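*Asks:* below is the sequence, then the predicted model.
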Amino acid sequence: MPPDTPPADDAQFQYLTGQGRPHFAALLERFEADSATASAAGQRDIRYGEAARETFDFFAAQGTPRATMVYFHAGYWQSRDKSLFRFIAPAFTRAGVQVALVNYPLCPHVSMGDLLAATRRATLAVHRHARALPGGPLPMVAAGHSAGGHIAAELGLSDWGAHGFAIAGVLALSGVYDLAPLLGVTLNANLGLDAASARRHSPLLRVAGGAPPALFAVGGAETAAFLAQNAAMHQAWQGAGNHSQALVVAGADHFSLLDVLIDPGSALHQQALALIAQAVGDLPREIP
């Protein structure tokens, strides 16, 4: 970091301005082009609810499928779209993983609680969609990046027993798991969090035993706050007796981390596949 980097307690820098990079515009433009190419292989805009954004895309696995990944996009719970991240799917469908990319209602049109409720509905809808395909239901890994990393952790801590299945693994990238620091950031104008709701929707504070195995990853070039959030979530997950791995990807920033995720030669991609293999081997397809 440059010598004039603001201190670690400057939340506006740590969670917003300090995360930006000059190359993001070109990088996101490439993501969009690669996603347009990848989109031809998937089913798009499958509806799971009545709101305009309650849809998901589904990409079938190549060969015999062995797991389903439900993936939630970045955007600080208030922006972006699944269509920008379709480029992620091929790296996993080649490995026998079905991939569902989910859109969800955004703040401030909904509260954080309503947003998370929509992601749970989406997860159930993806499960039903996969269950109807040849081979039936498969272990499901909840995955996501940035806001989506937070959502993936929330889904991993949710109780799915009444619905007859379980989240088999959590792949969370560059997530914010304690929302309290966002209270002092301009992002909160749309999120509408107060101290009580920030605590209520912070998965870091609710980790308990019996959670699925997890991989928490972050770019080494991200701000100190994102590195600390990743380490704290890993420690909480592991400290509650759950299997957890933490990975700091040297040189990666908040968005270039996704290039590493889909690189078959990277440690991140290999650890993501290892997490999926663990989910497939260690957890049943259905709860009896």
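*Replies:* Sure thing, it's come through. Computed from a predicted structure; not experimentally measured.

*Asks:* in this protein, where's the longest helix?
*Replies:* helix 112-131 (DSSP state H).

*Asks:* so what strands line up beside the next helix or strand after it?
*Replies:* Toward the C-terminus, helix 112-131 is succeeded by strand 140-145 as the next helix or strand (DSSP states H and E). Applying DSSP bridges, strand 140-145 is found paired with strand 67-72 (parallel), strand 167-173 (parallel).

*Asks:* could you give the average pLDDT over strand 140-145?
*Replies:* If you average the pLDDT over strand 140-145, you get 98.

*Asks:* equivalent analysis for stretch 259-274, please.
*Replies:* Computed over stretch 259-274, the average pLDDT equals 98.

*Asks:* send me it as PDB with only the CA atoms.
*Replies:* C-alpha atoms of stretch 259-274 as PDB (Å, rounded to 0.1, in the frame of the first residue of the first chain):
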ATOM      1  CA  ASP A 259      -9.700 -14.500 -12.600                       C
ATOM      2  CA  VAL A 260      -7.800 -16.600 -10.200                       C
ATOM      3  CA  LEU A 261     -10.900 -18.500  -9.200                       C
ATOM      4  CA  ILE A 262     -11.400 -19.800 -12.700                       C
ATOM      5  CA  ASP A 263      -7.800 -20.500 -13.400                       C
ATOM      6  CA  PRO A 264      -7.400 -24.300 -13.300                       C
ATOM      7  CA  GLY A 265      -3.800 -24.000 -12.300                       C
ATOM      8  CA  SER A 266      -4.400 -21.800  -9.300                       C
ATOM      9  CA  ALA A 267      -4.400 -22.900  -5.700                       C
ATOM     10  CA  LEU A 268      -7.800 -21.100  -5.300                       C
ATOM     11  CA  HIS A 269      -9.400 -23.100  -8.000                       C
ATOM     12  CA  GLN A 270      -7.900 -26.300  -6.800                       C
ATOM     13  CA  GLN A 271      -9.100 -25.600  -3.200                       C
ATOM     14  CA  ALA A 272     -12.500 -24.800  -4.400                       C
ATOM     15  CA  LEU A 273     -12.700 -28.100  -6.200                       C
ATOM     16  CA  ALA A 274     -11.400 -29.900  -3.100                       C
END
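
*Asks:* residues touching residue 83, list them.
*Replies:* Contact analysis of residue 83 by Cβ atoms under 8 Å, 6 or more residues apart in numbering lists 32, 35, 39, 57. Bear in mind the C-beta positions are built from the backbone N, C-alpha and C, glycine included.

*Asks:* residues near residue 158, how many?
*Replies:* Residue neighbour count, defined by other Cβ atoms under 10 Å, stands at 18 for residue 158.

*Asks:* can the strands paired with strand 140-145 go into TSV with extra columns for mean pLDDT and distance to residue 223?
*Replies:* As requested, the strands paired with strand 140-145 are exported to TSV (pLDDT from 0 to 100; distance: least, Cβ to Cβ, whole Å):
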stretch	mean pLDDT	distance to residue 223
strand 67-72	98	21
strand 167-173	98	15
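
*Asks:* how about these in CSV, adding distance to residue 101 and mean neighbour count?
*Replies:* Listed next are the strands paired with strand 140-145 as CSV, based on distance: least, Cβ to Cβ, whole Å; neighbours: other Cβ atoms under 10 Å:
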stretch, distance to residue 101, mean neighbour count
strand 67-72, 5, 28
strand 167-173, 14, 28
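
*Asks:* which parts of the stretch 151-288 of the chain are strands?
*Replies:* Counting by DSSP state E, counting those that start in this stretch, the stretch 151-288 of the chain has strands at residues 167-173, 214-219, 244-249.
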